[in-house]
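Trainee: Sequence first, predicted coordinates after that:
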Amino acid sequence: MSMRSPADIDRLDAEDPLRQARAAFALPDGVIYLDGNSLGPPTKKALTRLRATAEQEWGEGLIRSWNDAGWFDLPQTCGAKIARLIGVDPGDVLVCDSVSVNLFKLAAALKNATPGARLVIDRAEFPTDVYMIESLAALLGPGDGPPILIKSAIDFRTAAIADIDRIEGRTRAQGGVVVWDLSHAAGLLDLRLKARGARCAVGCGYKFLNGGPGAPAFVYVERALADTLRQPLAGWMGHARPFDFRPDYAPAPGVRRFAAGTPQILSLAALDAALDAFDGASMPDVETKARRLGDLFLEGVAALGLPCLSPPSASRGGHVSLSHPQGYSVMQALIARGVIGDFRPPDLMRFGFSPLFLRYADAARAASILEDVLRSEQWRAPHFADRRTVT
Ligand SMILES: Cc1ncc(COP(=O)(O)O)c(C=O)c1O
């Protein structure tokens with residue numbers, strides 16, 4: 001149990017500068033959602049927008065909506081909103097494709113631009129990043145020149161925050177470039193990427209940005225660098241003038257050249273609306289609250305003695321990873337009690353603390369439910385061990 005009294009926790013919620021943000025979300029009753037780091041929940045505005053985009057813009061506007069409803073510009077409209085969150089210029093972020101595909105395009109463009117450049121990734125990075133970079137290296141050949149380093153700003157297992165300044169400085173001194181994977185960091189950390197000299201990044205639209213299942217990802221490339229790059233999936237949407245229908249390819253200025261095919265409008269509309277949940281939220285407040293929620297939860301489960309793989313709060317992102325030999329079953333038992341987190345092999349239970357919609361009371365309650373599930377051994381019920389596809 002938490003050492004804090006219910007009155008202490010009520011005070012934390014009452015004094016929370018982000019306390020109004022929860023009202024923007026459509027959350028089911030009886031659920032404490034600790035998986036916004038995997039799939040953010042819908043905002044009310046996103047649900048309304050999806051319906052309007054389908055019924056009015058598509059249903060009534062038909063093809064006219066490409067111009068009239070701003071469909072054509074949505075990848076950049078959304079990009080500009082994400083740019084504010086990650087601290088870069090509004091025109092330098094484009095929303096398109098998945099993280100995997102954006103990473104492939106960006107790393108290939110960087111490798112082609114620097115003869116002999118060497119792709120570098122730690123095998124403990126998120127698997128899709130490792131697969132993509134290894135297959136790209138097989139396609140383009142090895143190198144022994146400056147590094148193109150692919151690095152997560154927040155580790156997906158432990159939530160450890162990378163030392164962005166040190167890694168940027170070291171890589172730049174070697175003549176290289178870092179491609180940051182911001183999947184677990186965008187919409188959570190006060191990243192201020194431009195001020196810190198970061199020139200390239202990719203990231204997820206469906207985690208802390210709440211864009212919905214399979215929401216398109218984003219790619220950031222600083223304008224001056226982007227203008228020197230040729231990405232390999234040169235499609236018509238990345239052309240400077242796609243509706244000229246010319247056979248010769250001329251890349252659009254800046255990051256827009258990273259578009260390939262037609263944007264996914266329904267998904268983009270949901271993401272565009274969802275991003276408005278950040279209006280009025282300061283990123284330092286968001287970052288601080290994530291830490292405090294995680295700390296409160298850890299305080300509440302300390303007596304259980306579960307090993308914690310996440311670092312202390314000063315260098316921890318938005319989730320907390322606890323290990324338990326039967327972590328999968330324990331998580332299923334928690335989900336049955338309305339506390340939704342997730343599981344990563346071999347034995348990690350991940351609890352995500354999304355600052356926009358969670359209250360301190362939720363973190364404290366989740367801790368006491370975990371305590372109850374373990375002490376009562378509810379998780380031993382055999383059906384909790386049945387492995388589903390998505391864990
Ligand atoms: C660090 C990281 N990179 C990439 C991805 C997946 O990217 P996508 O499915 O958009 O290719 C994830 C998904 O969880 C992730 O955590």
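Mentor: On my side now, so go ahead. Residues are numbered from 1 along each chain as shown.

Trainee: Tell me where the stretch 251-391 of the chain has helices.
Mentor: Applying DSSP state H, counting those that start in this stretch to the stretch 251-391 of the chain gives helices spanning 265-275, 283-301, 327-336, 360-376.

Trainee: and the one residue in the stretch 151-300 of the chain that gets nearest to the ligand, how many neighbours?
Mentor: Across the stretch 151-300 of the chain, the shortest distance to the ligand (Cβ to the nearest ligand atom) belongs to Ser183, at 3.5 Å. C-beta coordinates here come from the backbone N, C-alpha and C atoms, glycine included. Per other Cβ atoms under 10 Å, the neighbour tally for Ser183 reads 26.

Trainee: How about it: what's its closest non-neighbour residue?
Mentor: Residue nearest to Ser183 in three dimensions, not counting chain neighbours: Cys204, with 3.9 Å by Cβ to Cβ, 6 or more residues apart in numbering.

Trainee: Contact partners for the one you found?
Mentor: 99, 182-184, 186, 215, 217 (Cβ atoms under 8 Å, 6 or more residues apart in numbering).

Trainee: how far away is it from Val219?
Mentor: Using Cβ to Cβ, to the nearest Å, Cys204 is found at 11 Å from Val219.

Trainee: about what we covered before: any chance of JSON lines for the helices of the stretch 251-391 of the chain, columns mean pLDDT and mean neighbour count?
Mentor: Below are these laid out as JSON lines (pLDDT from 0 to 100; neighbours: other Cβ atoms under 10 Å):
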{"stretch": "helix 265-275", "mean pLDDT": "98", "mean neighbour count": "24"}
{"stretch": "helix 283-301", "mean pLDDT": "98", "mean neighbour count": "20"}
{"stretch": "helix 327-336", "mean pLDDT": "97", "mean neighbour count": "22"}
{"stretch": "helix 360-376", "mean pLDDT": "98", "mean neighbour count": "19"}
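
Trainee: I'd like these laid out as CSV, including distance to the ligand.
Mentor: Formatted as CSV, the helices of the stretch 251-391 of the chain follow (distance: least, Cβ to the nearest ligand atom, whole Å):
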stretch, distance to the ligand
helix 265-275, 12
helix 283-301, 16
helix 327-336, 17
helix 360-376, 21
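
Trainee: could you dump these to JSON lines with distance to Ala159?
Mentor: As requested, these are exported to JSON lines (distance: least, Cβ to Cβ, whole Å):
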{"stretch": "helix 265-275", "distance to Ala159": "22"}
{"stretch": "helix 283-301", "distance to Ala159": "8"}
{"stretch": "helix 327-336", "distance to Ala159": "16"}
{"stretch": "helix 360-376", "distance to Ala159": "15"}
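
Trainee: Nearest to Arg196, out of the ones you listed?
Mentor: The minimum distance between Arg196 and these falls on helix 283-301, with 13.5 Å, by Cβ to Cβ.

Trainee: Would you map the strands across the stretch 201-350 of the chain?
Mentor: For the stretch 201-350 of the chain, the strands defined by DSSP state E, counting those that start in this stretch cover 218-221, 319-323, 339-340, 342-344, 348-352.

Trainee: which secondary structure elements does the second one contact?
Mentor: Just to be clear, that refers to strand 319-323. The contact analysis (3 or more Cβ pairs under 8 Å, 6 or more residues apart in numbering; DSSP states H and E) places strand 319-323 against helix 283-301, strand 348-352.

Trainee: Show residues contacting that strand.
Mentor: For strand 319-323, the surrounding residues in contact (Cβ under 8 Å, 6+ apart) are 34, 37, 157-159, 184, 294, 297-298, 301, 306-310, 344, 347-353.

Trainee: Return the members of the residues you listed classed as buried.
Mentor: 34, 37, 157-159, 184, 294, 297-298, 301, 306, 308-310, 344, 347-353 (16 or more other Cβ atoms under 10 Å).

Trainee: what stretches of this structure score poorly on pLDDT?
Mentor: 1-2 (pLDDT under 70).

Trainee: Tell me the residues on it that lie near the ligand, please.
Mentor: Applying Cβ under 6 Å from any ligand atom, we find that the chain lies next to the ligand at 98-100, 126, 128-129, 152, 156, 181, 183-184, 204, 217.

Trainee: Keep only those of the residues you listed that are in helices.
Mentor: Judged by DSSP state H, the subset of those located in helices is 99-100, 128-129.

Trainee: got TSV for these, with neighbour count too?
Mentor: Listed next are these as TSV, based on neighbours: other Cβ atoms under 10 Å:
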residue	neighbour count
Val99	23
Ser100	16
Thr128	16
Asp129	24
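
Trainee: Could I get the helices and strands packed on strand 319-323 in CSV, plus columns for distance to Ala23?
Mentor: Shown next, in CSV, are the helices and strands packed on strand 319-323 (distance: least, Cβ to Cβ, whole Å):
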stretch, distance to Ala23
helix 283-301, 16
strand 348-352, 20
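
Trainee: So for Gly61, which of the ones you listed sits nearest?
Mentor: Closest among the helices and strands packed on strand 319-323, using Cβ to Cβ: helix 283-301, at 35.0 Å.

Trainee: now for the closest one, which elements pack on it?
Mentor: helix 6-14, strand 319-323, helix 360-376.

Trainee: run the last query once more with 10 Å
Mentor: Secondary-structure packing of helix 283-301 (3 or more Cβ pairs under 10 Å, 6 or more residues apart in numbering; DSSP states H and E): helix 6-14, helix 74-86, strand 319-323, strand 348-352, helix 360-376.

Trainee: Figure out which of those is closest to Ala277.
Mentor: Nearest to Ala277 among the helices and strands packed on helix 283-301 is helix 74-86 (10.4 Å), distances taken as Cβ to Cβ.

Trainee: Give the next helix or strand downstream of that closest one.
Mentor: Using DSSP states H and E, the helix or strand that directly follows helix 74-86 along the chain is strand 93-95.

Trainee: buried residues in that next one?
Mentor: Buried, per 16+ other Cβ under 10 Å, within strand 93-95: 93-95.

Trainee: Cool, thanks, talk later.
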